[in-house]
Structures are given as structure tokens and as C-alpha cells.
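Asker: Here is a sequence with its predicted model. Questions after.
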Amino acid sequence: MYFKIGGMVGAIAILLSNGSAIAQDAQRYITVGHDKLGNSVALDTETIKGTTYKLYGMYGDGIFETTFDASCKESRLFRNRIAIYGSKGQLLQEDREKGEIPFVANSSPGKRMQIVCQKIGANGW
């Protein structure tokens, strides 16, 4: 499977589907957990901006991209956007509804929130 989404190369799908990627992409996309089907969920380290970050996972023969915003001081987590892309990188569906989600430390979003909060030097992380 090959993806080109906003300049990102298909390494996302390769990494998520079989766990291997080119060395530079393996450093960019860090596996942070797995979904209910056992597929990897990855953090894109190059898209972290302050406390905003993106997670990627497999969705059918495409991928999903979820954007989160963390409130480190309050231990709160917010979902900003979900996008689903097809196997050729075309945007199939987008949900820009924002909302708070429960912070669960051992979930994929929660694990990444911990990394992001540590990266910015937030107290208590």
C-alpha cells in the first residue's frame, strides 16, 4: 500500500501494517499502541506542535488520522479532528467536531499525551 497525504509518504501504512519502515520513517512514526484488531497505532513525531499531536492507524485498506490537543496542567485531552484516507491517499471522510475525551494513561492517546507533556517540560509529567 502506498500513501501520499499532505507530503507524507506511504511509510505510515507500511509501518502500521507490518511494523517495518525505512529508518528515517521509523524514527518519525513511533508505535504507541494497538487498536482492537491488533493493528499498530503510530505517533507522527514531526507534527507535534506544542501540545497538539497526530495519531495514525489502519482503517480498512486506508488509514485514519486523529489530531489531539493536550492540556498537560489539567490532565485533560481533546480530540480536534478525525480524517480517513483511502488507499490512494484521497480524503474519504472528515470529522472536525472537537470534544474532550477521557484521559486514560495506558491508551494510545494517553501514552502520547505523556510524551508530549514531557517534551514541553510540563510539571508532573
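Answerer: Structure's in. What do you need?
Asker: Please enumerate the strands of this structure.
Answerer: Counting by DSSP state E, the chain has strands at residues 29-34, 40-44, 52-59, 62-71, 76-85, 91-95, 99-101.
Asker: In TSV, list those along with mean pLDDT, distance to residue 125 and mean neighbour count.
Answerer: Bear in mind the C-beta positions are built from the backbone N, C-alpha and C, glycine included. Converted to TSV, the strands of the chain look like this (pLDDT from 0 to 100; distance: least, Cβ to Cβ, whole Å; neighbours: other Cβ atoms under 10 Å):
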stretch	mean pLDDT	distance to residue 125	mean neighbour count
strand 29-34	82	16	17
strand 40-44	85	16	22
strand 52-59	88	14	21
strand 62-71	91	10	20
strand 76-85	93	13	18
strand 91-95	92	28	12
strand 99-101	94	18	11
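Asker: quick one: residue 74 from residue 58, how far?
Answerer: 32 Å (Cβ to Cβ, to the nearest Å).
Asker: How about the contacts made by the residue nearest to the spatial centre of the chain?
Answerer: The centre of the chain sits closest to residue 55, judged by Cα atoms, centre = their mean, with a distance of 0.5 Å. By Cβ atoms under 8 Å, 6 or more residues apart in numbering, residue 55 lies in contact with 32, 41, 42, 43, 44, 65, 66, 68, 108, 109, 112.
Asker: Switch those residues over to a markdown table; also include distance to residue 120.
Answerer: Shown next, in a markdown table, are the contacts of residue 55 (distance: Cβ to Cβ, whole Å):
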| residue | distance to residue 120 |
| --- | --- |
| 32 | 17 |
| 41 | 22 |
| 42 | 20 |
| 43 | 15 |
| 44 | 17 |
| 65 | 22 |
| 66 | 20 |
| 68 | 14 |
| 108 | 19 |
| 109 | 16 |
| 112 | 13 |
